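[1] Please work out how this folds:
(one chain, ligands or ions: 2)
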Amino acid sequence: MQGIWTTERIRAAEDRLLAVTPDGELMRRAAFGLAVHAAEMLAEHTGSVSGRRVTLLVGSGNNGGDALWAGAFLRRRNVAVSAILLKPERAHGAGLAALKRSGGKVVSVEDGPQWIRRADLVLDGIVGISARGPLRADAAALLEHVSSPVLAVDLPSGVDPDTGAVDGPAVVADRTVTFGALKPVHALAPASCGEIALVDIGLSLSDPDLRRLDTADVAAAWPVPGPGDDKYSQGVVGVAAGSATYPGAAVLAAGAAALATSGLVRYAGHAADVVRGRWPEVVATGSVTDAGRVQAWVVGPGIGTGNEGRDVLRFVLGRGVPVCADADATTIIARSPDVLDARDPDTPLVLTPHAGEFERLMGSPPGADRVAAARSAARKYDAVVLLKGHCTVVAAPDGRALVNTPRGSWLATAGSGDVLSGLVGALLAAGLDPWLAAGAAAHVHSLAGSLAADGAPTSASGILAAVPAALRSLLSPAS
Ligand SMILES: NC(=O)C1=CN([C@@H]2O[C@H](COP(=O)(O)OP(=O)(O)OC[C@H]3O[C@@H](n4cnc5c(N)ncnc54)[C@H](O)[C@@H]3O)[C@@H](O)[C@H]2O)[C@H](O)CC1
Ligand SMILES: [K+]
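    Numbers count the residues shown, from 1 in each chain. Ligands and ions are numbered 1, 2, ... in the order given. Here you go, the predicted model:
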């Protein structure tokens with residue numbers, strides 16, 4: 001799993017390292033890495049490096065200092081470098097001196113636009129981990145003239161480093177070169193960061209604040225049948241979803257559970273005939289009380305929020321096995337939290353709210369800091385909370401949190417959540433740690449979404465149909 005640290009932790013680690021490193025050495029290490037990526041981008045976009053033009057947007061802190069030093073290094077490759085100093089009197093002294101010594105130009109903010117328009121590459125050194133609030137107006141005004149590729153220094157300016165929230169004008173980078181370790185912005189605002197490159201500057205950090213699952217983590221966690229397995233050994237998952245009026249949610253959730261692992265799927269509800277007709281391998285019954293033993297339940301999609309839905313949820317919560325409560329079940333819990341009294345305290349619960357359901361559960365929307373929001377809901381309900389969004393956040397009651405960096409926005413389609421809940425349930429039945437089960441399911445769900453979309457809008461049925469291909473790409477990449 002990839003570690004992600006808050007800016008506070010990063011700054012503390014940088015300060016510790018600065019104390020034992022020759023003055024300016026860290027910055028030169030960072031800037032050299034930056035210059036290598038800038039040269040790579042020039043070659044990629046223009047076919048050459050020498051003679052090309054790079055314009056630096058230079059803020060008043062060390063982020064600007066990185067950009068100035070990188071400009072000095074680029075001068076060695078005969079790149080024409082111009083620096084626009086947003087606050088000339090507060091520009092990084094050593095960096096500015098290095099740029100001037102190397103023959104780089106310093107231009108005024110007033111003349112900035114023309115130097116931006118003629119650039120082959122713009123380096124965003126406006127602000128880094130010390131960013132506070134929306135991008136200042138003078139910096140924002142310069143962005144309007146950018147038409148070349150952009151390389152962000154450490155992180156794209158105008159994006160909140162710790163939440164990835166964008167509140168106003170902000171840099172949209174083609175590539176972001178960050179130093180030492182990933183910050184939350186790199187996982188929470190992928191569209192603003194572009195391709196992310198990490199330059200090692202010798203920072204040492206432990207106990208990440210956040211994590212991101214790599215493909216290898218998901219592949220290692222995903223249950224794959226072995227010689228000794230049978231239809232029960234991979235876990236039996238119960239799916240309590242849908243109704244005679246709305247059988248679709250049941251078909252999608254049961255189907256996802258059936259495709260996710262080799263375990264047995266039991267469906268329970270009023271859509272039994274439709275589910276049986278679509279998924280003959282699913283053992284379908286008309287009621288949860290007739291469903292038989294399972295190792296985990298998925299409950300909620302399409303069950304309705306009335307008395308009958310509440311009774312189904314109460315029954316499932318009382319079975320003493322992990323439960324993934326989604327959709328209508330989330331609304332029932334929000335309206336009548338006492339339904340959770342039926343739950344054995346040791347029974348793991350996974351809640352999968354979208355922003356609206358989160359607001360019902362918590363009384364207010366997730367807000368800008370979605371990791372903090374998911375963590376607060378996880379503590380309040382003593383449950384793993386998978387907070388859906390462009391970047392899905394999964395928080396556990398013990399504070400663990402992971403971010404699933406999306407592959408596009410193809411999942412925002414009706415029924416997509418039903419597919420996700422089926423995937424979560426199958427992994428819970430297979431015995432995965434609930435937090436990991438939710439994270440792995442979200443990872444495969446977004447992979448299936450991008451395969452199904454293949455660049456054009458898709459539907460929940462398309463996402464469901466792409467689950468096997470997503471799993472194949474994960475579990476047997478060579479195929
Ligand atoms: N410590 C090191 O040797 C290394 C630092 N690295 C780079 O340093 C930055 C962090 O630098 P810092 O001086 O703390 O602050 P910033 O440059 O991020 O910002 C300072 C400056 O920016 C202005 N500002 C704040 N908010 C905004 C805003 N919303 N819009 C515009 N301007 C803003 C404010 O005036 C501040 O004074 C880090 O990101 C790295 O790039 C490297 O890691 C190498 C080692
Ligand atoms: K920046």
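
[2] host element of whatever residue of the chain ends up closest to ligand 1?
    Using Cβ to the nearest ligand atom, G128 is the residue of the chain that sits closest to ligand 1, at 1.9 Å. Placement of C-beta: from N, CA and C, glycine included. Under the assignment given by DSSP states H and E, G128 is not contained in any helix or strand.

[3] How many residues are close by it?
    G128 has 28 neighbours, counted by other Cβ atoms under 10 Å.

[4] ditto for I303
    Neighbour number of I303 under other Cβ under 10 Å is 30.

[5] repeat for R52
    Using other Cβ under 10 Å, R52 has 23 other residues around it.

[6] wait, doesn't it sit right on M41?
    No. Counting by Cβ atoms under 8 Å, R52 stays clear of M41, with 9.8 Å between them.

[7] Spit out the residues that contact these two alike.
    Shared contacts of R52 and M41, defined by Cβ atoms under 8 Å, 6 or more residues apart in numbering, are found at L121.

[8] just to revisit the earlier point, contacts only, for the residue lying closest to the residue of the chain closest to ligand 1 once chain neighbours are set aside.
    Excluding the flanking residues, the one nearest G128 by Cβ to Cβ, 6 or more residues apart in numbering is N63, at 3.2 Å. Going by Cβ under 8 Å, 6+ apart, N63 touches G125, I126, V127, G128, I129, S130, V153, D154, S157.

[9] Now the fifth one. Nearest residue, chain neighbours left out?
    If you skip the residues right next to it in sequence, I129 has T7 as its closest partner in space, 4.1 Å away by Cβ to Cβ, 6+ apart.

[10] and that neighbour, how many neighbours?
    So T7, with other Cβ under 10 Å, has 21 neighbours.

[11] Contacts only, for it.
    Applying Cβ under 8 Å, 6+ apart to T7 gives the contacts I129, S130, P161, D162, K183.

[12] The residue located most distally from the centre of the chain: what's it in contact with?
    For the chain, the residue at maximal distance from the C-alpha centroid (Cα atoms, centre = their mean) is R101, at 42.1 Å. R101 makes contact with A72, according to Cβ under 8 Å, 6+ apart.

[13] list the buried ones in the longest helix seen in the chain?
    Longest helix in the chain by number of residues, with DSSP state H as the criterion: helix 25-46. Buried residues in helix 25-46, counted by 16 or more other Cβ atoms under 10 Å: 26-39, 41-42.

[14] Kindly export it (C-alpha atoms) in CSV.
    This file holds the C-alpha atoms of helix 25-46, laid out as CSV (Å, rounded to 0.1, in the frame of the first residue of the first chain):
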residue,chain,number,x,y,z
GLU,A,25,21.0,20.7,-0.3
LEU,A,26,17.5,19.4,0.0
MET,A,27,16.1,22.0,-2.3
ARG,A,28,18.8,21.4,-4.9
ARG,A,29,18.0,17.6,-4.7
ALA,A,30,14.3,18.4,-5.2
ALA,A,31,15.0,20.9,-8.0
PHE,A,32,17.4,18.7,-9.8
GLY,A,33,14.7,16.0,-10.0
LEU,A,34,12.2,18.6,-11.1
ALA,A,35,14.6,19.7,-13.9
VAL,A,36,15.0,16.2,-15.1
HIS,A,37,11.2,15.9,-15.5
ALA,A,38,10.9,19.3,-17.1
ALA,A,39,13.5,18.3,-19.7
GLU,A,40,11.6,15.0,-20.3
MET,A,41,8.4,16.9,-20.8
LEU,A,42,10.0,19.3,-23.3
ALA,A,43,11.4,16.4,-25.3
GLU,A,44,8.0,14.6,-25.2
HIS,A,45,6.0,17.7,-26.2
THR,A,46,8.4,19.5,-28.6
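
[15] just how off-centre is it within its chain?
    Centre-to-centre, helix 25-46 and its host chain are 26 Å apart (Cα atoms, centre = their mean, to the nearest Å).

[16] quick check, it touching ligand 2?
    No. Judged by Cβ under 5 Å from the ion, helix 25-46 makes no contact with ligand 2; its nearest approach is 10.5 Å.

[17] Which secondary structure element is home to the nearest residue to C193 once chain neighbours are set aside?
    Spatial nearest neighbour of C193, chain neighbours left out: T176 (4.2 Å); criterion: Cβ to Cβ, 6+ apart. Here T176, judged by DSSP H and E, is contained in strand 175-179.

[18] is that strand anywhere near ligand 1?
    Yes. For strand 175-179, a contact with ligand 1 is found by Cβ under 6 Å from any ligand atom, at F179.

[19] relative to helix 25-46, how tilted is that strand?
    If you take axes from the mean of the first three to the mean of the last three Cα atoms, to 10 degrees, strand 175-179 sits at 160 degrees to helix 25-46.

[20] got the buried residues for stretch 48-64?
    Going by 16+ other Cβ under 10 Å, stretch 48-64 has these buried residues: 49, 52-64.

[21] for the closest residue to ligand 2 within the stretch 351-479 of the chain, what are its contacts?
    In the stretch 351-479 of the chain, the residue that lies nearest ligand 2 is A368 (18.9 Å; Cβ to the ion). Residues in contact with A368 (Cβ under 8 Å, 6+ apart) are D160, T163, A165, D167.

[22] buried subset of those?
    Among the contacts of A368, those buried by neighbour count (16+ other Cβ under 10 Å) are D160, T163, A165.

[23] Next one: the nearest residue to R335 once chain neighbours are set aside relative to S336, how far apart?
    Residue nearest to R335 in three dimensions, not counting chain neighbours: T305, with 7.0 Å by Cβ to Cβ, 6+ apart. Distance of T305 to S336, computed by Cβ to Cβ, to the nearest Å: 9 Å.

[24] With neighbour numbers in mind, choose between these two.
    A direct count of neighbours by other Cβ under 10 Å for T305 and S336 places T305 higher, at 18 against 14.

[25] That one: which element?
    Counting by DSSP H and E, no helix or strand carries T305.

[26] Would you state the helices of the stretch 301-450 of the chain in chain order?
    Secondary structure of the stretch 301-450 of the chain (DSSP state H, counting those that start in this stretch): helices at 307-317, 328-335, 355-362, 370-381, 416-429, 434-453.

[27] Touching the third one from outside, list them.
    Spelled out, it's helix 355-362. Outside helix 355-362, the residues that touch it by Cβ under 8 Å, 6+ apart are 327, 330-331, 333-335, 351, 353, 365-366, 373, 376-377, 380-381, 387-389.
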